[in-house]
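Undergrad: One predicted model, sequence on top.
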Amino acid sequence: MSQAIADLFAETGATGYGAALDRLTRIGADFDMSCVFGFSAQKSPVVIHDGYSETVDRRALQSYLRGAYLLDPFYAASIGDIPEGLWRMRDLAPDAYYDTEFAWSQEVHPCISDQAGTLVEEIGYVVPLTGRFTATYSLMRNRGGACFNEAEAERLRQLLPVIAASLRLHWDVSCGSDQTSNPALDSEEVFSAAFHVLTPAQQAVTKLILRGHSNISIASNLDITEGTVKQHRYNIYKRLGISSQSELFQRFIDYLGG
């Protein structure tokens, strides 16, 4: 392990950093794909490390960066008050997230493709950085694999101090002084523009539907009844001329694509 740590810090600020980071992390547990994003509520996402398989369509990453990241539970957690640590996607995601189109979409989810398969699990380190950014280092296993067991998760947690220190140093050396100047998308403005024919109340419900909240969860978040949510959902579909959640998702993706 000591050699892997030495190699990692030797690659700080260099193009080989991501590969060195993955080599160290695989000492804790193996995985199929990885990525590191720098997320901020004020700036657009920064790709710190792209460890996706070469078989993944690059257009999905472009769609993700254009705005689909607004639906990602790791993004929502990173700009919130989540503490530094190792987190499973299922512990951060809304209750109906795995029923959403985003969770399985080849168009906007960079780690989903026919070639690479669908995810069996995603686990990630969340590490605060300078400049009001937070890094999310995601580790993913594809269909046909197994979820990270508790022994593997514990070994990954033991690597957290080294990985966090390394990510912060790499960020300061190679990214922190050259942060993207593009402002972050305002989620309220995005959903308002994408679904401008809807009322503000309907837009609020639409956003939560797309993020993976069930009717019960939406009712709790908006402090309304489940029956009111169902009525909003009916009116949303009727006003947009659609009949399913997948069509609602496609409307959002079409908007992001211009």
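TA: Done, it's in.

Undergrad: The residue lying closest to residue 257 once chain neighbours are set aside and residue 190, how far apart?
TA: Of all residues beyond its chain neighbours, the one nearest residue 257 is residue 63 (6.8 Å), with distances taken as C-beta to C-beta, 6 or more residues apart in numbering. Yep, even glycine has a C-beta here, placed from its N, CA and C like the rest. Using C-beta to C-beta, to the nearest Å, residue 63 is found at 13 Å from residue 190.

Undergrad: Give me the pLDDT value at the residue nearest to residue 257.
TA: Looking at residue 63, its pLDDT is 84.

Undergrad: Which positions within the helix or strand hosting it qualify as buried?
TA: Using DSSP states H and E, residue 63 sits within helix 58-66. Along helix 58-66, the positions that meet the burial threshold by neighbour count (16 or more other C-beta atoms under 10 Å) are 60, 61, 63, 64, 65, 66.

Undergrad: now those as JSON lines including distance to residue 156?
TA: Compiled in JSON lines, these are given as follows (distance: C-beta to C-beta, whole Å):
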{"residue": "60", "distance to residue 156": "26"}
{"residue": "61", "distance to residue 156": "24"}
{"residue": "63", "distance to residue 156": "29"}
{"residue": "64", "distance to residue 156": "24"}
{"residue": "65", "distance to residue 156": "26"}
{"residue": "66", "distance to residue 156": "31"}
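
Undergrad: Tell me the one of the residues you listed nearest residue 34?
TA: When the buried residues of helix 58-66 are compared for distance to residue 34 (C-beta to C-beta), residue 61 comes out closest, at 13.4 Å.

Undergrad: show me what contacts the closest one?
TA: Applying C-beta atoms under 8 Å, 6 or more residues apart in numbering, we find residue 61 in contact with 47, 50, 52, 110.

Undergrad: packing partners for the helix or strand containing residue 239?
TA: Assigned by DSSP H and E, residue 239 falls within helix 226-240. In this structure, helix 226-240 packs against helix 200-211, helix 215-222, helix 245-256, with contacts taken as 3 or more C-beta pairs under 8 Å, 6 or more residues apart in numbering; DSSP states H and E.

Undergrad: Deepest in the core, which of those is it.
TA: Mean neighbour count (mean count of other C-beta atoms under 10 Å) peaks for helix 200-211 among the helices and strands packed on helix 226-240, with a mean of 20.
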